[in-house]
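Undergrad: Show me the folded form of this:
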Amino acid sequence: MADVFISYKREERGLVEKLAGALSGLGLTVWFDASLSAGETFSDQIDREAREAQVILVCWSPNAKDSRWVKAEALIGIERNVLAACYVAGPDGFSPQVPFNGTHTEDLRGWLEGGTATDARWRSLLRRIGTLTSRADIESFGDISESSDIISLGRWLDTHKNSPLFLAVESIYRARLAEEEARESREREAKARFEAEQAQRLAREEAARREAERLRLEQEEKKRLAAEEALKKAEEARKAEKARADRAEAEARKHRATANLSVEEYTRLEYPDPFSHITKLFSVTASRRCPRRRSSRLSP
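TA: Coordinates of the predicted model:
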């Protein structure tokens, strides 16, 4: 009993051999030499293999679509619920007829021309085959991709150490580790740049704050000095005004005191020195004889 029975048309034998080799490399037994020459009947051996295989993999192509043998083998897969299908040749938009088009069919045309073990279409087909053959490593491999998280990949590697797919998953794991390290490195660099920019911004803000504070203090000092200067000038003006007022008051008192004095009294008051009044006395006497010239300090 084979794990996988491959149904195909002879014209696609080369493609099927590549597909069978890939499945055999995963530890699956494959039976695919089911081609019949024209006029051959559906042999007992083919019928037995198709009914005992865990998976019937139909390789659809325009030639296979018209083959009654391929359709018969596909019907067995539908009846047993073990059908898996893929496209190996044909134009875009091609599909098998009812009821075979009701089964999901993976397009392996590109993969057969040079795809990798991690190709999404190949992994999708393996998921179906792994489920039908109860191969957990193959089934879970179908859920793995280049974007799988490192924890899931590491868990798969720990669980399936003896799987033929171990190296393929390990390569994805190593690639994801490298990507994660690169991402962390970029994040560290971005964080360092951000912190440096933040430090520079804070330094600029602090410098601006200090400059603003310096200017504020400078302005306050100027205002204080200007206020002190204004107060000083006001005080000086007040004192000067008071001095002028005092002098005017003194002059007024003196004028009032001397208004009715005689010449001798005025002379003694104005010139206490007995030797210095002669000239002043002459001036006062002359002013009395000439009223137009008399001093403003003498009464009329």
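Undergrad: the strands in the stretch 51-200 of the chain, which residues?
TA: Listed in chain order, the strands of the stretch 51-200 of the chain (DSSP state E, counting those that start in this stretch) span residues 55-60, 83-87, 105-107.
Undergrad: Report all helices and strands that the second one contacts.
TA: Taking 3 or more C-beta pairs under 8 Å, 6 or more residues apart in numbering; DSSP states H and E as the contact definition, the neighbouring helices and strands of strand 83-87 are strand 55-60, helix 68-80, strand 105-107, helix 120-133. The way it works is simple: take the backbone N, C-alpha and C, and place the C-beta from them, glycine included.
Undergrad: Would you mark the buried spots in the second one?
TA: Put plainly, it is helix 68-80. Within helix 68-80, the residues that qualify as buried are 69, 70, 71, 73, 74, 75, 76, 77, 80, counting by 16 or more other C-beta atoms under 10 Å.
Undergrad: contact partners of it?
TA: 5, 7-9, 34, 36, 42, 46, 50-51, 55-56, 58, 60, 64, 83-85, 96, 99-100, 103 (C-beta atoms under 8 Å, 6 or more residues apart in numbering).
Undergrad: swap the cut-off to 7 Å and go again
TA: Here helix 68-80 makes contact (C-beta atoms under 7 Å, 6 or more residues apart in numbering) with 7-9, 36, 42, 50-51, 56, 58, 64, 83, 99-100.
Undergrad: cool, the first one as well?
TA: When contacts are taken as C-beta under 7 Å, 6+ apart, the neighbours of strand 55-60 outside the stretch itself are 3-8, 12, 16, 19, 50, 70, 73-74, 76-77, 82-88, 96, 105, 129, 132-133.
Undergrad: Can you give me the neighbour number for residue 97?
TA: Neighbours of residue 97 under the rule other C-beta atoms under 10 Å: 9.
Undergrad: Got phi/psi on it?
TA: phi -80, psi 170 (degrees, to the nearest 10).
Undergrad: Identify the residue nearest it in space, chain neighbours excluded?
TA: residue 65 (6.9 Å; C-beta to C-beta, 6 or more residues apart in numbering).
Undergrad: I'd like to know how far the one you found sits from residue 84.
TA: According to C-beta to C-beta, to the nearest Å, residue 65 and residue 84 sit 17 Å apart.
Undergrad: Same drill for the two, tell me which one is more crowded.
TA: More crowded of residue 65 and residue 84, by other C-beta under 10 Å: residue 84, with 23 against 16.
Undergrad: who does that one bridge with?
TA: residue 57 (DSSP bridges).
Undergrad: Let me see the ranges of the helices in the chain.
TA: Remark: helices assigned in the chain by DSSP state H are 13-24, 44-52, 62-65, 68-80, 109-112, 120-133, 136-141, 150-159, 166-258, 263-270, 277-289.
Undergrad: burial measure for residue 121, as a count.
TA: 16.
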